[in-house]
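Q: Let me see the structure of the following:
(2 chains)
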Amino acid sequence: DAMVIQNPRYQVTQFGKPVTLSCSQTLNHNVMYWYQQKSSQAPKLLFHYYDKDFNNEADTPDNFQSRRPNTSFCFLDIRSPGLGDAAMYLCATSRPWGYEQYFGPGTRLTVT
Amino acid sequence: DQQVKQNSPSLSVQEGRISILNCDYTNSMFDYFLWYKKYPAEGPTFLISISSIKDKNEDGRFTVFLNKSAKHLSLHIVPSQPGDSAVYFCAASPNSGGSNYKLTFGKGTLLTVNP
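A: Model prediction:
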């Protein structure tokens, strides 16, 4: 089945220790998104890629970076996680000119 | 400033009855609306959508109604089933003219369908 996969599902990191979250897709979609969702809040878009073109949301902290080495993979790097970065991180994909986004199961990040 | 609002954090209905989930938006540029369903430990999955040129879209037990003048949409589930118990997110997108359609989500409504 074509899908969006996120690894790991649960990640614990220490305050200030860099962490990388991974997303892969078998849908062959051009567009990939990263969202942050805190408890009882709406998913918030951090950035997205159209192929290699990177688009950062204006209010995404500089602490958050992303890499997309190829169509299938996208990484979210948090350079110096703070306690406020503890959240669910969702990866999604879509076709160009497609409103519908396909989500992975998410990675729950805990910062100790 | 929340542009997409789901004012009911939770809703409880009896099996077989109608579930009505509401969503309000403030951005007049939104022209496409989607509902997503999310089970625990899973990502959101697309449920149904509606374009601003329509006022109703139906897919089986699920119907979405759009009232543009009121900037309001609702999702009706008839009849409700216990398997419908999940968090429902309303999302909206502007027609930016580009090829990437960014979604703005509401906070979600937890629907519980009691047997």
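Q: which residues sit in contact with the residue nearest to residue B:78 when sequence neighbours are not counted?
A: In this structure, residue B:78 finds its nearest non-sequential neighbour in residue B:18, 4.7 Å apart by Cβ to Cβ, 6 or more residues apart in numbering or on different chains. In short, each C-beta sits where N, CA and C put it, glycine included. For residue B:18, the contacting residues are B:76, B:77, B:78, B:79, B:80, by Cβ atoms under 8 Å, 6 or more residues apart in numbering or on different chains.
Q: and the gap between residue B:18 and residue B:11?
A: Using Cβ to Cβ, to the nearest Å, we find residue B:18 at a distance of 11 Å from residue B:11.
Q: Check residue A:63 too.
A: 36 Å.
Q: what's the answer for residue A:62, then?
A: Separation of residue A:62 from residue B:11 (Cβ to Cβ): 39 Å.
Q: Give the next helix or strand downstream of the helix or strand bottoming out on mean pLDDT in chain A.
A: In chain A, the helix or strand scored least confidently by mean pLDDT, DSSP states H and E is strand A:53-56, which has a mean of 91. Downstream of strand A:53-56, the next assigned helix or strand under DSSP states H and E is strand A:64-67.
Q: quick revisit: pLDDT and secondary structure added to the contacts of residue B:18, as TSV?
A: As requested, the contacts of residue B:18 are exported to TSV (pLDDT from 0 to 100; DSSP: H, G, I helix; E, B strand; the rest coil):
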residue	pLDDT	secondary structure
B:76	98	strand
B:77	98	strand
B:78	97	coil
B:79	98	coil
B:80	98	coil
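Q: Select only the buried ones of the residues you listed in PyMOL?
A: Buried members of the contacts of residue B:18, defined by 16 or more other Cβ atoms under 10 Å in any protein chain shown, are picked up in PyMOL with:
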select buried, chain B and resi 76+77+80
